[in-house]
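**Student:** My questions concern the predicted model and sequence given below.
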Amino acid sequence: MFKNFRLSKLALVLVVVALWVFTVVVFARYLGKLPQSSNDLSKNVQTQTIVEEESAVINVVDKVSLSVVTVSANTPRRRILQFSPFGGFTQGQQGGEPQDIGTGFIVSTDGLIVTNKHVVSVANATYKVITKDNKEYDVREINRDPSNDIAILKIDVAGLKPVELGDSSNLKVGQFVIAIGTALGEFRNTVTTGVISGLGRGINAGGVFEGFVERLDNVIQTDAAINPGNSGGPLMNSAGQVIGINVAIAQGAQNIGFAIPINTVKESLDNFKATGKFPAKPFLGVQYQMLSRETALLNDVPQGAYVTEVVDASPAEKAGVRTDDIIVEFDGNKIALEDGGLASVIGKKKVGDVVKIRVFRDGQTLDFEATLGEAPSE
């Protein structure tokens, strides 16, 4: 009898517990607090992730956009010939009107702005910067870094909001990034997002049709959409810190852009703030063509920098370097195209450094010593 009573009591407890669980589940579903399936759970997690990512972008844009400016140029009006297949050659005019050409970002409260050197490369142009609230300021001073594609502009205004400069020494491939700039020289304060696609890249920026080719080493590759006009704008992490300055895109590719690491910019900026100028660029005084491994093998010569011209009275000429020499080593470093070539190793030196140069000439290896000079002003 007592055994049966104990069993009935246990059954009653189980029924009460089951009813309580059923009630909780029904109310939880009704209130939308309990996913009805694993698909619902996955959707909720994805929604939460998207919302967090959107919030990060919005927060960064709110924090930084007031510190991003558009760079505008006005070149003197000049007459040009225009050709049409229907009308032949006709007279036209170029210049005389301001045009948005690039981007920059504020780095001090008293009007220092960082951009790319190539954005402000036209000597006879006048430049302005336009803030997000459409205020325009004349550029009073342009300082161009001879060693990097960096320029510092000065405008006469106080109370500006500078960006926060981050640290580019610990970046990771796959890291989320945000870019702001004047896309295509038309769409101001355009925001794009992506990830860091690669680190330590070496690229040749510019081209023969643009009038310059510059070797940039150790740049950041990103798939955040960067277009002409974005040059000089900030590349930021999810905390709104600037980790790079957008500098170039890969022609013929989609979503392959490049940025100079912000630590390079900070070094140049610190030097400028301390001395009022950029460090002089070291100068050897040779024009050369890099020989690839394949070209060297085909011509039975070592790989290196083939000297096509030696500048008169330059450190190279004083040291004994001649036209048709092949520079194979520079201060103990082998010269190879895939390592950035001769420009890369010279760029790591300073004006006044004494360096050893090994050349290949007429089947012989010769050693010279040169004292690097200061590169002529651009």
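**Tutor:** All right, it came through fine.
**Student:** Spit out the contact partners of residue 138.
**Tutor:** Counting by C-beta atoms under 8 Å, 6 or more residues apart in numbering, residue 138 touches 126-128, 155-156. Backbone N, C-alpha and C define where each C-beta goes, glycine included.
**Student:** Narrow those to just the buried residues.
**Tutor:** Neighbour counting with 16 or more other C-beta atoms under 10 Å marks 127-128, 155 as buried within the contacts of residue 138.
**Student:** so how many other residues sit close to the closest residue to residue 250 other than its chain neighbours?
**Tutor:** In space, and not counting its chain neighbours, residue 250 is closest to residue 256: 3.9 Å by C-beta to C-beta, 6 or more residues apart in numbering. Residue 256 has 18 neighbours, counted by other C-beta atoms under 10 Å.
**Student:** how about residue 256, what does it touch?
**Tutor:** Residue 256 makes contact with 197, 221, 223, 249-250, according to C-beta under 8 Å, 6+ apart.
**Student:** Could you list the low-confidence segments of the stretch 1-150 of the chain?
**Tutor:** Along the stretch 1-150 of the chain, the model assigns pLDDT under 70 to residues 1-18, 21-22, 24-53, 77-96.
**Student:** Spell out which residues make up each domain of the chain.
**Tutor:** Using automatic domain parsing, the domain parsing of the chain gives 2-60, 169-264, 282-374.
**Student:** Pull the most distant pair out of the contacts of residue 138.
**Tutor:** Among these, the pair separated by the greatest distance (C-beta to C-beta) is 126 and 156, at 14.6 Å.
**Student:** other SSEs contacting the strand of greatest length in the chain?
**Tutor:** Identified as the longest strand of the chain according to DSSP state E is strand 187-207. Packing partners of strand 187-207 (3 or more C-beta pairs under 8 Å, 6 or more residues apart in numbering; DSSP states H and E): helix 38-64, strand 68-74, strand 176-183, strand 212-222, strand 241-249, strand 257-261.
**Student:** For stretch 291-305, which outside residues touch it?
**Tutor:** Contacts to stretch 291-305, defined as C-beta under 8 Å, 6+ apart, come from residues 286, 288-290, 306, 326-329, 334-337, 341-342, 360.
**Student:** Centre of the chain to that stretch, how far?
**Tutor:** Distance of stretch 291-305 from its chain centroid, counting by C-alpha atoms, centre = their mean, to the nearest Å, is 32 Å.
**Student:** quick one, what contacts residue 147?
**Tutor:** Residue 147 neighbours (C-beta under 8 Å, 6+ apart): 268, 278-279, 281, 347.
**Student:** Can I get the buried part of those as one PyMOL selection?
**Tutor:** In PyMOL syntax, the buried subset of those is picked out as below (16+ other C-beta under 10 Å):
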select buried, resi 268+278+279+281
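**Student:** Including pLDDT, secondary structure and distance to residue 312, could the contacts of residue 147 go into JSON lines?
**Tutor:** Formatted as JSON lines, the contacts of residue 147 follow (pLDDT from 0 to 100; DSSP: H, G, I helix; E, B strand; the rest coil; distance: C-beta to C-beta, whole Å):
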{"residue": "268", "pLDDT": "86", "secondary structure": "helix", "distance to residue 312": "30"}
{"residue": "278", "pLDDT": "78", "secondary structure": "coil", "distance to residue 312": "26"}
{"residue": "279", "pLDDT": "73", "secondary structure": "coil", "distance to residue 312": "25"}
{"residue": "281", "pLDDT": "79", "secondary structure": "coil", "distance to residue 312": "19"}
{"residue": "347", "pLDDT": "78", "secondary structure": "helix", "distance to residue 312": "23"}
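**Student:** Name the nearest of the contacts of residue 147 relative to residue 365.
**Tutor:** Set against residue 365, the nearest of the contacts of residue 147 by C-beta to C-beta is residue 347 (24.5 Å).
**Student:** what's the closest non-adjacent residue to that closest one?
**Tutor:** residue 147 (6.1 Å).
**Student:** Report the separation between that neighbour and residue 321.
**Tutor:** 22 Å (C-beta to C-beta, to the nearest Å).
**Student:** now do residue 265
**Tutor:** Using C-beta to C-beta, one gets 33 Å for the distance from residue 265 to residue 321.
**Student:** Who has more neighbours out of these two?
**Tutor:** More neighbours surround residue 265 than the other of residue 265 and residue 321, with 25 against 22 (other C-beta under 10 Å).
**Student:** so is that one in a helix, a strand, or just coil?
**Tutor:** What DSSP: H, G, I helix; E, B strand; the rest coil gives for residue 265 is helix.
**Student:** what sits against it?
**Tutor:** Counting by C-beta under 8 Å, 6+ apart, residue 265 touches 114, 148, 150, 165, 245.
**Student:** Quickly run through the sheet partners of the longest strand of the chain, with directions.
**Tutor:** The sheet places strand 187-207 alongside strand 176-183 (antiparallel), strand 212-222 (antiparallel), with pairing taken from DSSP bridges.
**Student:** circling back: from the contacts of stretch 291-305, which land in helices?
**Tutor:** Among these, the members falling in helices (DSSP state H) are 341-342.
**Student:** The contacts of stretch 291-305 in strands, which ones?
**Tutor:** Those of the contacts of stretch 291-305 lying in strands (DSSP E): 286, 288-290, 306, 326-329, 334, 360.
**Student:** Pull the number of nearby residues for the closest residue to residue 303 other than its chain neighbours.
**Tutor:** Distances taken as C-beta to C-beta, 6+ apart place residue 296 nearest to residue 303, at 4.3 Å, with adjacent residues excluded. Neighbours of residue 296 under the rule other C-beta under 10 Å: 19.
**Student:** Am I right that residue 296 sits in a helix?
**Tutor:** Yes. Under three-state DSSP, residue 296 falls within a helix.
**Student:** No more questions from me, cheers.
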